[in-house]
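can you look at this prediction? I've put the sequence above it.
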Amino acid sequence: MELQEISWKEGIQLSEKIKTAVVPISACEQHGAHLPLGTDFFILDCVQQALKMDLGVDYPVFFLPIIPVGKSPEHLNYFGTISFSLSTIAAVMKDICSSLAKHGIKNIVFLNSHGGNSDLLKSISFDIRADYDVFLYCINILGEEIWDSAFVNGLFPEVSYPEIHAGSLETSVIAYFRPDLIRTVPGPFTPKKEFLSVPFGWRTEDLSEDGTIGDPTFYSVEAGRKAVQYAVKKLHQIFDFITAEGSDLSRG
Ligand SMILES: [Zn+2]
């Protein structure tokens, strides 16, 4: 159910049964010279469209529109990257959640397609849970909870460098969903600097010349189709849990 397509009166009736809302968030950031700035937006749009088909029109979830900007400071030196600051994005998500809670929503899913949003969303979900009578779920479709490394490695066994940004996985989904937006795909990637085994703050240009961090050379339309299908299956299972058992706020 698209929140934007119903009237407020229909919403009152529907909200007697629908207690779950999805807040999708992506990013507007460089994705190498071969992919568009809206790559994360298009990937989320593609997965969501397929998910909605799979769930069916009467599935008890309100989908909000996709937020097209996320937190992308690491890419800001590349043209067209638009980044929210940490405090802006926290405020935006909290305001959306407080509005939803006011209208009786009990479960809120942050459905995210940009790794750079992930830690922040997880962190503020605890603050929102403390302040409002809602349960928060944070799903990063590019994280282990959906496109897990076993699946990605199986899909692209020959890649020369793990997918961090604009590699074979993201390129495949764009090739499947928006083939008109693919430019010339670069060769295998060699990092300018090796990643340490501990987290560290980086700017994209520390690691890459053209903004790609990963090996996009094994992308294919078929891999994109498989990845979307895999994501939809896992998301459907998670949504079934959230809308059934997950709506019981008395759980421990
Ligand atoms: Zn991306």
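Alright, I've got the coordinates.

and the closest residue to the ion within the stretch 101-250 of the chain, what does it touch?
Nearest residue of the stretch 101-250 of the chain to the ion (CB to the ion) works out as E170 at 5.1 Å. From N, CA and C alone the C-beta is placed, and that goes for glycine too. By CB atoms under 8 Å, 6 or more residues apart in numbering, the contact set of E170 is H31, L35, T39, I43, L142, E163, G214, P216.

now do the buried residues in the least confident helix or strand in the chain by mean pLDDT.
Among the secondary structure pieces of the chain, namely its helices and strands, helix 204-207 has the lowest mean (mean pLDDT, DSSP states H and E), a mean of 94. If you call a residue buried by 16 or more other CB atoms under 10 Å, then helix 204-207 has these buried ones: T204, L207.

so where do the helices sit in the chain?
Remark: helices of the chain, listed N- to C-terminal, are 8-14, 39-55, 86-102, 115-131, 149-155, 168-177, 204-207, 221-243; assignment by DSSP state H.

now the ones you listed in CSV, with distance to S72?
Below are the helices of the chain laid out as CSV (distance: least, CB to CB, whole Å):
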stretch, distance to S72
helix 8-14, 33
helix 39-55, 9
helix 86-102, 10
helix 115-131, 6
helix 149-155, 22
helix 168-177, 14
helix 204-207, 9
helix 221-243, 22
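
so of those, which one's packed in deepest?
Counting by mean count of other CB atoms under 10 Å, helix 168-177 has the highest mean neighbour count of these, with a mean of 25.

and the ion, which of the contacts of E170 contact it?
Taking CB under 5 Å from the ion, the overlap between the contacts of E170 and the neighbourhood of the ion is T39.

so what's D54 up against?
With contact taken as CB under 8 Å, 6+ apart, D54 is in contact with V232, H236.

who's in contact with the residue of the chain found nearest the ion?
Nearest residue of the chain to the ion (CB to the ion) works out as D40 at 4.2 Å. When contacts are counted by CB under 8 Å, 6+ apart, D40 is found next to S26, A27, C28, E29, H31, G70, S113, H114.

circling back to that earlier point, which one of the contacts of E170 is nearest V22?
Proximity to V22 was ranked across those by CB to CB; first place goes to I43, at 15.4 Å.

so that closest one touches I141, yeah?
Yes: if you go by CB atoms under 8 Å, I43 and I141 touch, sitting 7.3 Å apart.

find the residues that touch each one of those two.
Listed as contacting both I43 and I141 by CB under 8 Å, 6+ apart are S113.

E2 contacts V61, correct?
No: judged on CB under 8 Å, E2 makes no contact with V61 at a distance of 10.1 Å.

and those two? Which one has more around it.
More neighbours sit around V61 than around the other of E2 and V61, counting by other CB atoms under 10 Å; the figures are 19 against 11.

would you mind measuring from the more buried one to E74?
V61 is 32 Å from E74, where distance means CB to CB, to the nearest Å.

and the most centrally placed residue in the chain, how far from G167?
Closest residue to the average C-alpha location of the chain: S113 at 1.7 Å, with CA atoms, centre = their mean. When distance is defined by CB to CB, S113 is 14 Å away from G167.

also P60?
Taken as CB to CB, the spacing of P60 relative to G167 amounts to 36 Å.

one more: G56?
On the measure of CB to CB, G56 and G167 end up 33 Å apart.

got the contact list for I96?
Residues in contact with I96, defined by CB under 8 Å, 6+ apart, are V23, L64.

one more pass at 7 Å, please.
Contact criterion CB atoms under 7 Å, 6 or more residues apart in numbering gives V23 as the residues in contact with I96.

same check, this time on F177
Contact partners of F177, counting by CB under 7 Å, 6+ apart, are F42, C46, G224.

more neighbours: G56 and G167, which one.
G167 (26 against 7).

excluding sequence neighbours, find me the nearest residue to the more buried one.
In space, G167 comes closest to G214 once its chain neighbours are excluded; the distance is 2.4 Å by CB to CB, 6 or more residues apart in numbering.
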